[in-house]
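Undergrad: Sharing a model that was predicted from the sequence below.
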Amino acid sequence: MPNDTCRVLLIEDKIENVKLLQDLLSKSQYSSLAKGLTFLITSTDTLKESFGLLQDQQFDVILLDLDLPDSQGLNTLIKLREAVPNTPIIVEMDGQNEGAVVKSFQLGADGYLQIKNLDSNLLVYEIRLGIERQKYRSKINQQQQEISQAQEFANLDSLIKSTGETSVTARLFGAYPLQESLPDVFDELVETYGKLLELALEQRIYKVDYNISEKLRNLGEKLGFLKASPRDTIEIHTKVLKEKSKDASIAKAQAYVVEGRLMILELMGYLASFYRKYYIGLSNINLASRKDYP
């Protein structure tokens, strides 16, 4: 909150509640809890309009009415929390409903207000508490994501080591890992896979279609022609994840990990499919040869 200004987004369609909250925050300068903090309020009466504001502006806290013209109940909180995972949200409630309060916290609320029993001190207190609660929640989430990411890399490294002596293609072709035998090609595959991971993430977030599956199929066939093994695909996947996560935020790094899990499984499936076709073709050739030479 730079310059001791707290930017508040008020999502409320009831005019009397809007006036009440604006009035209470305007009087916050007289509250000992404000400690010199002033509040800059932006108001909207629909969830749709709030999404537009949140794309263009940053807010320190959101005061949310759960019943809006275009969204009602706790579903309103769910939609807003998905849109702004790291902004404190304080929900407004007309009455005291312990079950609804507990549920709202479970769904990501950082505080709640009882409009009927509200004064300036209590409002400022709830805002400060909501902001601190969100900071704590973000810290815990970050720690959990860091642990999860470290475990993901440890599992991948362990998987690479475990496949080192039993590689399918190593037994069948006597091939060495691509990273050792064809380092330049390996780096090109890493670059290609990295670009596909970025596209896959954009495809999921922005609901566009980049035909990732077809691109993964082509990559799987290329790996097959190179006599790549499952170990090679895991090494490519692991190197890309580590490179992408190096300078990314914890949230972005975790998104790479989650999306990458789906991609590596699909890629390994295409590689396995390539080898199945290869050996079916090879078997047919052998059978034909036996017929020609009884």
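TA: Done, it's in. Residues are numbered from 1 along each chain as shown.

Undergrad: low-confidence ranges in the stretch 151-294 of the chain?
TA: 152-153, 159-175, 251, 279-294 (pLDDT under 70).

Undergrad: And the strands in it?
TA: Counting by DSSP state E, counting those that start in this stretch, the stretch 151-294 of the chain has no strands at all.

Undergrad: any chance you could map the helices in it?
TA: 168-173, 178-181, 183-206, 212-225, 230-246, 250-292 (DSSP state H, counting those that start in this stretch).

Undergrad: Show the residue spans covered by the strands in the stretch 1-150 of the chain.
TA: Under DSSP E, counting those that start in this stretch, the stretch 1-150 of the chain gives strands at 5-11, 38-44, 61-65, 89-93, 111-114.

Undergrad: The shortest one: which residues count as buried?
TA: Using 16 or more other Cβ atoms under 10 Å as the burial criterion, the residues of strand 111-114 that qualify are Gly111, Tyr112, Leu113. For the C-beta atoms, the positions are set from N, CA and C on the backbone; glycine is no exception.

Undergrad: so how far is that strand from its chain's centroid?
TA: 28 Å (Cα atoms, centre = their mean, to the nearest Å).

Undergrad: what does the fourth one give?
TA: Between the centre of strand 89-93 and the centre of its chain there are 24 Å (Cα atoms, centre = their mean).

Undergrad: picking that back up, okay, the strands of the stretch 1-150 of the chain, which one's buried deepest?
TA: Most buried of the strands of the stretch 1-150 of the chain by mean neighbour count (mean count of other Cβ atoms under 10 Å) is strand 61-65; its value is a mean of 25.

Undergrad: for it, packing partners?
TA: Secondary-structure packing of strand 61-65 (3 or more Cβ pairs under 8 Å, 6 or more residues apart in numbering; DSSP states H and E): strand 5-11, helix 74-83, strand 89-93, helix 120-162.

Undergrad: wait, what's in contact with Leu66?
TA: For Leu66, the contact set (Cβ atoms under 8 Å, 6 or more residues apart in numbering) comprises Gln72, Gly73, Leu74, Thr76, Leu77, Val91, Glu92, Met93, Ser104.

Undergrad: now the helices of the stretch 151-294 of the chain as JSON lines including distance to Glu49 and mean neighbour count?
TA: Putting these into JSON lines (distance: least, Cβ to Cβ, whole Å; neighbours: other Cβ atoms under 10 Å) gives the following:
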{"stretch": "helix 168-173", "distance to Glu49": "56", "mean neighbour count": "15"}
{"stretch": "helix 178-181", "distance to Glu49": "52", "mean neighbour count": "16"}
{"stretch": "helix 183-206", "distance to Glu49": "21", "mean neighbour count": "16"}
{"stretch": "helix 212-225", "distance to Glu49": "33", "mean neighbour count": "17"}
{"stretch": "helix 230-246", "distance to Glu49": "35", "mean neighbour count": "20"}
{"stretch": "helix 250-292", "distance to Glu49": "25", "mean neighbour count": "15"}
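
Undergrad: Lys19: which of those helices is closest?
TA: Set against Lys19 and scored by Cβ to Cβ, the helices of the stretch 151-294 of the chain come closest in helix 250-292, at 36.9 Å.

Undergrad: re the thing from before, please convert the strands of the stretch 1-150 of the chain to CSV, extending it with distance to Gly130 and mean pLDDT.
TA: Listed next are these as CSV, based on distance: least, Cβ to Cβ, whole Å; pLDDT from 0 to 100:
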stretch, distance to Gly130, mean pLDDT
strand 5-11, 11, 93
strand 38-44, 13, 92
strand 61-65, 6, 95
strand 89-93, 5, 91
strand 111-114, 4, 89
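
Undergrad: In JSON lines: those strands, plus distance to Asp247.
TA: JSON lines is the format used below for the strands of the stretch 1-150 of the chain (distance: least, Cβ to Cβ, whole Å):
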{"stretch": "strand 5-11", "distance to Asp247": "28"}
{"stretch": "strand 38-44", "distance to Asp247": "32"}
{"stretch": "strand 61-65", "distance to Asp247": "29"}
{"stretch": "strand 89-93", "distance to Asp247": "29"}
{"stretch": "strand 111-114", "distance to Asp247": "34"}
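
Undergrad: Compare the ones you listed and give me the one nearest Arg204.
TA: strand 89-93 (23.6 Å).

Undergrad: Can you check what angle separates the closest one from strand 61-65?
TA: Compare the direction of strand 89-93 with that of strand 61-65 by axes from the mean of the first three to the mean of the last three Cα atoms, to 10 degrees and you get 30 degrees.
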